[in-house]
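1. Have a look; sequence and predicted model below, questions after that.
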Amino acid sequence: MTWTPEIVRARFHEAADTERYLPLPRIGSGNGFWPVYHYTAEDREGWDDAARTDNADRWSRDRKLTREAISRHDECLDWSIKLLANETYRHIVWKWAFCQAYGRNFGTLCQRKGWVRTTTYGRLDRSFVRIAEQLLSADILLRLPDEKFLDQPETAAMRPIEFAPRTQARAVHPPFRTDRHVDTLTTPEQIAAFSKYLVQTNDGRRRRRERTTRRPVAA
């Protein structure tokens, strides 16, 4: 198994979920791209009891995070800074990840922000593809997230992406076929006629260049 955009996407989902339970304040976090959000009455409309309870005690809940989960979280922070030069793309990736972690609809967020949905999802998908390609290129050890984060629905624009095998041999083209050389000037008369044609052609080209540049051209 190797890095794929889907695995990278799952890693960011896990990183956002992990960050929910990290002690605050924390230096270097995805919240640098996703400011702490206070839910309004409008946001809480339609929540069930489980959602209200989760929101009320998510910071005080006794949940033990493993060193591996925190390490994978920190890796995602590094990827978003080092492998995504465009800050807009970093914001989109983390906003999507926290939407997944909090069970919010990313498409609704796009609508609220006034973002074109297809454009935003396209940037999101390209971000995951770019990170996966660079991790493959750098031979970074594959680290899978917790299994529950691997079973995710695809985004609106994401399509399964298959990378070509890295050891794939270059295609070998068959040699080009050329016609056998045949000398068409077989008599002295033909050679003389062709020589005359060359002199006339070269003279004509020289005169045209002189008219264009308005200066003599050596014969």
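-> Here it is on my side, so go on. Every value quoted in this text rests on a predicted model; they were computed, and no experiment measured them.
2. ok, for Ile7, nearest residue in space, not its chain neighbours?
-> Closest residue to Ile7 apart from its sequence neighbours, by CB to CB, 6 or more residues apart in numbering: Leu144 at 6.7 Å. In this view, the C-beta of every residue, glycine as well, is placed from N, C-alpha and C.
3. again, but for Leu136
-> Nearest-residue entry for Leu136: Trp3, 5.1 Å, with adjacent residues in sequence omitted and distances by CB to CB, 6+ apart.
4. about what we covered before: contacting residues for the residue nearest to Ile7?
-> Listed by CB atoms under 8 Å, 6 or more residues apart in numbering, the contact set of Leu144 reads Met1, Ile7, Ala10, Leu150.
5. pLDDT of the helix or strand containing the third one, averaged?
-> Remark: Ala10 resides in helix 5-19, with elements defined by DSSP states H and E. Regarding helix 5-19, the rounded mean pLDDT is 93.
6. Restrict it to CA atoms and write it as PDB.
-> Provided in PDB are the C-alpha atoms of helix 5-19 (Å, rounded to 0.1, in the frame of the first residue of the first chain):
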ATOM      1  CA  PRO A   5      -5.200  11.200  -2.000                       C
ATOM      2  CA  GLU A   6      -7.800   9.300  -0.100                       C
ATOM      3  CA  ILE A   7      -5.300   8.300   2.700                       C
ATOM      4  CA  VAL A   8      -4.100  11.900   2.900                       C
ATOM      5  CA  ARG A   9      -7.700  13.100   3.200                       C
ATOM      6  CA  ALA A  10      -8.300  10.600   6.000                       C
ATOM      7  CA  ARG A  11      -5.200  11.700   7.800                       C
ATOM      8  CA  PHE A  12      -6.400  15.300   7.900                       C
ATOM      9  CA  HIS A  13      -9.800  14.200   9.100                       C
ATOM     10  CA  GLU A  14      -8.100  12.300  11.900                       C
ATOM     11  CA  ALA A  15      -5.800  15.300  12.700                       C
ATOM     12  CA  ALA A  16      -8.700  17.700  13.000                       C
ATOM     13  CA  ASP A  17     -10.500  15.200  15.300                       C
ATOM     14  CA  THR A  18      -7.400  14.700  17.400                       C
ATOM     15  CA  GLU A  19      -6.900  18.500  17.800                       C
END
